[in-house]
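**Q** please find the sequence and the predicted model below.
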Amino acid sequence: MTLDEMYAEMDLYGFDDFETSQKLTLLNEAYFDIVTREPWPFLEKVVTVTVPSGESKVTNNAAVLVSAAQITDLNSVLSFIDTSQNIVLVPERTDMIEKNFRVDDYTGEPQYYYFIGEDLYLYPSSTGSTYRLFYTKTPVAVTNTSDTFMIPARHHSIIVYGALVKAFLVNDDPQAAVYQNLFESRYQQMRNDLWMQQYDRPERVHVLTDSYDWSY
């Protein structure tokens, strides 16, 4: 659905008196409510990048480029692999890096990654390796000149339902509860559709253990 189609659908529900800018605000709020709930498949992205020797900052770094562009849309890391050295980097908290590793002044190939704010870093600094970064993108607000929703088109109606909930709340209309139920029902349909992408083999249950739980 285009923005104009979404605006027209909101009009059908009696909100033709809302300004276009108001409808856009409500649609964007509903959109973010949806895309920030889960690490959806449509947010996934894989990039291969070479981090120059001596660099530790990976995102928003002019020295680290993917097809002549910086990595600026990273939200959450799914996997981070040093493909030059065949090392799967381990996620770690920033404070643990500071307290446990910098004291020993660890050197060599990077073994860990961590975040400061929203930016991704390596520890220790890169030695010039190539990395494959698998992550979820940060969604951005839709505008009248950039009306691309990351949600697959077949599920765009859920955005309208979410906006209608907010529109009814603006008018203090009790129908907001009705459309909230419609929104949640449609949301579940979208989950069932997007998270199950193959049916050709049984799902496996992987048992993961932590060494702290082992008995000696």
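**A** Alright, I've got the coordinates.

**Q** from here on, just use CA atoms for contacts and neighbour counts.
**A** Fine.

**Q** what's in contact with the longest helix belonging to the chain?
**A** For the chain, the helix with the greatest residue count under DSSP state H is helix 175-195. Residues from elsewhere that reach helix 175-195 (CA atoms under 8 Å, 6 or more residues apart in numbering): 40-41, 155, 158, 161-162, 164-169.

**Q** from the residues you listed, which is closest to residue 68?
**A** Residue 68 lies nearest to residue 41 out of the contacts of helix 175-195, by CA to CA, at 25.2 Å.

**Q** next, give phi and psi for that closest one.
**A** phi -60, psi -30 (degrees, to the nearest 10).

**Q** tell me how the chain divides into domains.
**A** 3-36+140-195, 43-137 (automatic domain parsing).

**Q** now those in JSON lines, with mean pLDDT?
**A** Shown next, in JSON lines, are the domains of the chain (pLDDT from 0 to 100):
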{"stretch": "domain 3-36+140-195", "mean pLDDT": "94"}
{"stretch": "domain 43-137", "mean pLDDT": "92"}
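
**Q** is it possible to mark the buried ones in the contacts of helix 175-195?
**A** 40, 155, 158, 161-162, 164-168 (16 or more other CA atoms under 10 Å).

**Q** which positions in the longest helix of the chain come out as buried?
**A** 176, 179-180, 182-183, 186-187, 190.

**Q** mind listing the helices for this protein?
**A** Going by DSSP H, the chain shows helices at 3-10, 20-35, 94-96, 157-170, 175-195.

**Q** restrict the last one to CA atoms and write it as CSV.
**A** Right, the one you point to is helix 175-195. Output in CSV follows, covering the C-alpha atoms of helix 175-195 (Å, rounded to 0.1, in the frame of the first residue of the first chain):
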residue,chain,number,x,y,z
GLN,A,175,-13.9,1.9,19.5
ALA,A,176,-10.1,2.1,20.0
ALA,A,177,-10.4,-1.1,22.0
VAL,A,178,-12.1,-2.8,19.1
TYR,A,179,-9.4,-1.8,16.7
GLN,A,180,-6.7,-2.7,19.2
ASN,A,181,-8.0,-6.3,19.1
LEU,A,182,-8.0,-6.2,15.3
PHE,A,183,-4.5,-4.9,15.3
GLU,A,184,-3.3,-7.7,17.7
SER,A,185,-5.1,-10.4,15.6
ARG,A,186,-3.5,-9.1,12.4
TYR,A,187,-0.2,-8.9,14.1
GLN,A,188,-0.3,-12.6,15.0
GLN,A,189,-1.2,-13.5,11.4
MET,A,190,1.9,-11.6,10.3
ARG,A,191,4.1,-13.4,12.8
ASN,A,192,2.8,-16.8,11.7
ASP,A,193,3.5,-15.9,8.1
LEU,A,194,6.9,-14.3,8.4
TRP,A,195,8.6,-16.5,11.0
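
**Q** between helix 20-35 and that helix, find me the angle.
**A** In terms of direction (axes from the mean of the first three to the mean of the last three CA atoms, to 10 degrees), helix 175-195 departs from helix 20-35 by 50 degrees.
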